[in-house]
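Asks: let's see this in three dimensions:
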Amino acid sequence: MNRFSEAFLDSHGEADGFILKGKSPSCGVGDTKIFPDTETERILCREHGFFARHVLARYGATAILSERLLLDQATREEWLIRLFLHARWRETKLSGNPARLADFHRANRFWLASLNPIAFDQLESQRQRLRQTDQKYPVADQFNVYEKQLVALLRSLPRRSRRAALLKKIVSRYNDSLRPRVRGEIREALNQYQFGSLPLGAVILGIQKRLGSQEEANRFRQDLSIPYPQTLIEKVLYPDLLEDGSL
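Replies: As a prediction, the model looks like this:
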């Protein structure tokens, strides 16, 4: 199984994410039953399956999930965020263009900061040092230094409170054009997200629909730069949630 896992992953190269079979001896992610021997029914512990161990060792910063957890709305949404963030980075790295690296960092500031503020600040400092140093870093070194910090960020667990606070800060830019009632609705929706009552994508879509103009809605999307496609929110994740106009 170990030989197969190595050969299979070698043949597939880059990957942005995996959906693995939960509790499987080969693919379980932290939930594979481990027994002390073939005769004992008592479970010794639960660990990763054979194949899952190789996936995690090689692709630990990508979006990896068991199929059972896809049923949980918040977990599924987080998996999609990481999946598309990793895809964006892979395309950026393949370009080898420092301008594309700067664009990636600027476009994904919200999502990276919401994963781990301390690691994000370190990434920001590293970016500034690369720009300000008199020594011109080779392009490959710029990407490698950035990727090392990015991997640490993508391994972090997000907190709803972080994302809610950052979203409130972004929304505050539009306060002058919002009626008091709408500001209250958005504030309440963000509070519900923070405490687990509303999914993030539904809140984002609701905010877009309540901004004063299409121009503001487009600017909000640019400020946020949602990693996965807008149509995925509207047509797949929450097709019925906002039909009545409520958040």
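
Asks: pull the residues that contact the host helix or strand of residue 202.
Replies: Secondary structure from DSSP states H and E places residue 202 in helix 200-210. Residues from elsewhere that reach helix 200-210 (Cβ atoms under 8 Å, 6 or more residues apart in numbering): 74, 77, 163, 167, 171, 178, 182, 185-186, 189-190, 192-193, 217, 220-221, 224, 226, 233-234, 237-238, 241-242, 245-247. Quick note: C-beta positions are derived from backbone N, CA and C, even for glycine.

Asks: likewise stretch 4-20?
Replies: For stretch 4-20, contacts defined as Cβ under 8 Å, 6+ apart pick out 27-29, 49-55, 58-59, 62-67, 70, 79, 82-84, 86-87, 90.

Asks: repeat for stretch 182-193
Replies: Counting by Cβ under 8 Å, 6+ apart, residues outside stretch 182-193 touching it are 160, 163-164, 167-168, 171, 175, 178, 198-200, 203, 206-207, 210, 247.

Asks: for ChimeraX, what selects the buried ones among these?
Replies: Buried residues within the contacts of stretch 182-193, by 16 or more other Cβ atoms under 10 Å, are selected in ChimeraX with:
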select :163,164,167,171,178,198,199,200,203,206,207,210,247
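
Asks: between the contacts of stretch 182-193, which is closest to residue 115?
Replies: residue 163 (9.1 Å; Cβ to Cβ).

Asks: which ones are touching that closest one?
Replies: Counted by Cβ under 8 Å, 6+ apart, residue 163 has contacts 114, 193, 200.

Asks: which phi and psi values does residue 64 adopt?
Replies: Dihedral angles of residue 64 (phi, psi; degrees, to the nearest 10) stand at phi -120, psi 130.

Asks: quick check: bridge partners of it?
Replies: Note on residue 64: beta-bridge partners by DSSP bridges are residue 18.

Asks: can you classify the residue of the chain positioned farthest from its centre by secondary structure?
Replies: Largest separation from the mean C-alpha position in the chain: residue 39, at 42.4 Å (Cα atoms, centre = their mean). Three-state call for residue 39 (DSSP: H, G, I helix; E, B strand; the rest coil): coil.
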